[in-house]
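In: need a structure here:
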Amino acid sequence: MNSDYKNLIENALLKNPKFYKEIRIEENISTRIQYKGKTRENISISSNVGGCTRALVNGGWGFSSFNDITKAPNRMSESIELAKFNNNNYKHSKNLSDTKLSIPPTIKKDPRKIKLSEKIDLLENYKNLILSEKNIQGCDIVYADIDKKIIFADSNGNEIQQEFVHVICRIAANSSDGNEILESGFSIGSLGDFGIVEKLEDEVIQSAKKAVSLIKAPKITGEKTTVILDQILAGVFVHEAFGHLSEADNVYENNRLKEILKLGKKFGNRDLNITDGAKIPDLRGSYAFDDEGTPSSITPLIREGVLVGRLHSKETAEKMSEKPTGNARAISYGFSPIVRMTNTIIENGENSKEELFEDTKDGLYVKNWYGGMTEHEMFTFASAETYKIKNGKITETVRPVKLSGNLFETLKNIDGIANDLEINQGGGCGKGGQSPLPVSNGSPHIRINKTLVSPG
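Out: Numbering: from 1, shown residues only. Next comes the predicted model:
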């Protein structure tokens, strides 16, 4: 921590010693390159520095953010005054020991050392490969890398500096049947590895061919059927349909969900195990400490079909008489931390992927994702690829579909989990106006019976 930051932080934390206080200072440098069709629409390199203060007075929080870090002590005084107007009866526990650490970023192939011209040439190549395919109408390509340094300190004596380098990329090819735009693509991401966006020629060409194949692909009619989800879409399912309900701030404020989501309640078959954890290493949702200075953890959520845990900030843990899990996160210094997922996975089962297909007489194979959303226990998410299954074999391509339903019914209808877990790092999570927060999700192939599907 440089001396200027250290002095500002110390001065801010000295304000009104009887109250608990914390401060975050962030430095960000990001590169973004975007293509739409033949046009390179955007190239930008941006940087910013700012911070926020938070104070707890009589069980209520006060929060203030700033771009001029020299104002940190003044903003802490402001946070203390704001906190006096809030009272939610939170009793903050003082740490038994303080932590002073500086944690470097995870780096494999450093994107910060790659010339901008090299990044542009790489994406130009992918664009040209897509547009060279017959019947392609256009493409969408977005690349970004972000170098983010976060300094957290509080009046308990914690001083924690962490740095993260993210790489993300979305590549999609567009076709058209004359009435609607059709798309096939993929999203990828990493912590500190530019190598993930290199040598993607085969995947890019395949996406273009899939987009063309959708032109003549039929739409399905709405129905309930058996679906096999690939690892990416199953990861989106566990994130959207179950992960958000595991965030304790969604539960402790809702008496109905408190009753439904009682620990010890059975939600699935014995082969269903779900875990979230920032302590899982080297993923985009990984970190050592959350934005409240709580150490990260690996949190079992479902074990052998039974609900055994949930995700917490310090406050939700205290209010629900459970342990903090290190899941308090803020997308930037402009926001106060809230309970968020990190790396959320369905763990491997004992079946092979082939066995799931062999036992499926009639159904759909759904792959990849276009997004999803959840409203308490109800969910909807969309596939990017869909294929019919007949007598254990993939028979034809159909248009993408939406899958929707009730989480608790759907978990009970999972009747097959393969042993081929893969992690998807190409997405981001939205909640409370904070989006896209870096997360990862993953799963093996899973089979779900009686799933409501409709045209995408």
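
In: And the helices in the stretch 251-400 of the chain?
Out: Per DSSP state H, counting those that start in this stretch, the stretch 251-400 of the chain carries helices over the ranges 255-260, 314-319, 353-358.

In: who's in contact with T395?
Out: Neighbouring residues of T395 by Cβ atoms under 8 Å, 6 or more residues apart in numbering: 387-389. Bear in mind the C-beta positions are built from the backbone N, C-alpha and C, glycine included.

In: again, only using 10 Å
Out: With contact taken as Cβ atoms under 10 Å, 6 or more residues apart in numbering, T395 is in contact with 365, 387-389.

In: now T31
Out: 43-46, 111-112, 114, 116, 119, 143-147, 167.

In: Out of the helices of the stretch 251-400 of the chain, which gets nearest to A172?
Out: helix 353-358 (25.4 Å; Cβ to Cβ).

In: So which other helices or strands are in contact with the closest one?
Out: Helix 353-358 is packed against strand 223-229, strand 362-367, strand 393-398, strand 414-417, strand 446-455, with contacts defined by 3 or more Cβ pairs under 10 Å, 6 or more residues apart in numbering; DSSP states H and E.

In: Check which element follows the shortest one along the chain.
Out: So the one you mean is strand 414-417. strand 422-424 (DSSP states H and E).

In: That following strand pairs with which strands?
Out: Neighbouring strands of strand 422-424 in its sheet, by DSSP bridges, are strand 440-443 (antiparallel).

In: I would like a ChimeraX command selecting only the buried ones among the contacts of T31, please.
Out: Buried members of the contacts of T31 can be picked out in ChimeraX with the line below, counting by 16 or more other Cβ atoms under 10 Å:
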select :111,114,119,143,144,145,146,147,167
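
In: Could you list which of the contacts of T31 belong to strands?
Out: 43-46, 143-147, 167 (DSSP state E).

In: Would you format those as CSV with distance to S176 and pLDDT included?
Out: Output for the ones in strands among the contacts of T31, formatted as CSV (distance: Cβ to Cβ, whole Å; pLDDT from 0 to 100):
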residue, distance to S176, pLDDT
I43, 28, 97
S44, 30, 97
I45, 34, 97
S46, 34, 97
Y143, 25, 98
A144, 27, 98
D145, 32, 98
I146, 33, 98
D147, 38, 98
V167, 31, 98
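
In: can I get those in a markdown table with distance to F267?
Out: Output for these, formatted as a markdown table (distance: Cβ to Cβ, whole Å):
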| residue | distance to F267 |
| --- | --- |
| I43 | 47 |
| S44 | 45 |
| I45 | 46 |
| S46 | 43 |
| Y143 | 39 |
| A144 | 36 |
| D145 | 39 |
| I146 | 36 |
| D147 | 40 |
| V167 | 35 |
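
In: which of those residues lies closest to L8?
Out: D147 (21.5 Å).
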